[in-house]
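Q: Generate coordinates for the sequence data below:
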Amino acid sequence: MAFMIPGGVGVIESTMTALYTSLGVPYSVAVVVVLTYRVLSFWFPLVLGFPLILILEKQAKDSIQ
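A: Modelled structure (predicted):
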């Protein structure tokens, strides 16, 4: 099932949290670090990318004409 879920939602986060806690990082800190990592590496580029697609497509159409 983990391979059918987009981006490994939940699987990656729980694995990274378990890894950090096994290395001695407190659980609450590990959760914050993992969720911050997910936001910066996945959601932030996604949210910025969709508006950029529209802007770049408009610029491409304008440059063709």
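Q: So, low pLDDT: which residues of the chain?
A: The chain contains residues with pLDDT under 70 at 1-9, 65.
Q: can you pull the buried residues of stretch 14-25?
A: 16-17, 20 (16 or more other C-beta atoms under 10 Å). (C-beta placed from N, C-alpha, C; glycine too.)
Q: What lies in contact with it?
A: Residues outside stretch 14-25 that contact it (C-beta atoms under 8 Å, 6 or more residues apart in numbering): 27, 29-31, 33-34, 37.
Q: Let me know the closest of those residues to Ile53.
A: Tyr37 (24.3 Å; C-beta to C-beta).
Q: Report the next helix or strand after the helix or strand hosting that closest one in sequence order.
A: Assigned by DSSP states H and E, Tyr37 belongs to helix 27-38. For helix 27-38, the succeeding helix or strand toward the C-terminus, using DSSP H and E, is helix 44-64.
Q: what is the orientation angle of that following helix with helix 27-38?
A: Compare the direction of helix 44-64 with that of helix 27-38 by axes from the mean of the first three to the mean of the last three C-alpha atoms, to 10 degrees and you get 10 degrees.
Q: how about the CA coordinates for helix 44-64, as PDB?
A: What follows is helix 44-64, C-alpha atoms only, in PDB (Å, rounded to 0.1, in the frame of the first residue of the first chain):
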ATOM      1  CA  PHE A  44       6.400  24.700  -0.700                       C
ATOM      2  CA  PRO A  45       7.700  23.900  -4.200                       C
ATOM      3  CA  LEU A  46       4.300  22.600  -5.100                       C
ATOM      4  CA  VAL A  47       2.500  25.700  -4.000                       C
ATOM      5  CA  LEU A  48       5.000  27.900  -5.800                       C
ATOM      6  CA  GLY A  49       5.100  25.800  -8.900                       C
ATOM      7  CA  PHE A  50       1.400  25.900  -9.900                       C
ATOM      8  CA  PRO A  51       1.300  29.700 -10.200                       C
ATOM      9  CA  LEU A  52       4.600  29.700 -12.000                       C
ATOM     10  CA  ILE A  53       3.200  27.300 -14.600                       C
ATOM     11  CA  LEU A  54       0.500  29.800 -15.400                       C
ATOM     12  CA  ILE A  55       2.900  32.700 -15.500                       C
ATOM     13  CA  LEU A  56       5.400  30.900 -17.700                       C
ATOM     14  CA  GLU A  57       2.700  29.600 -20.100                       C
ATOM     15  CA  LYS A  58       1.300  33.100 -20.500                       C
ATOM     16  CA  GLN A  59       4.800  34.400 -21.200                       C
ATOM     17  CA  ALA A  60       5.400  31.600 -23.700                       C
ATOM     18  CA  LYS A  61       2.200  32.400 -25.600                       C
ATOM     19  CA  ASP A  62       3.100  36.100 -25.600                       C
ATOM     20  CA  SER A  63       6.500  35.500 -27.000                       C
ATOM     21  CA  ILE A  64       5.200  33.300 -29.900                       C
END
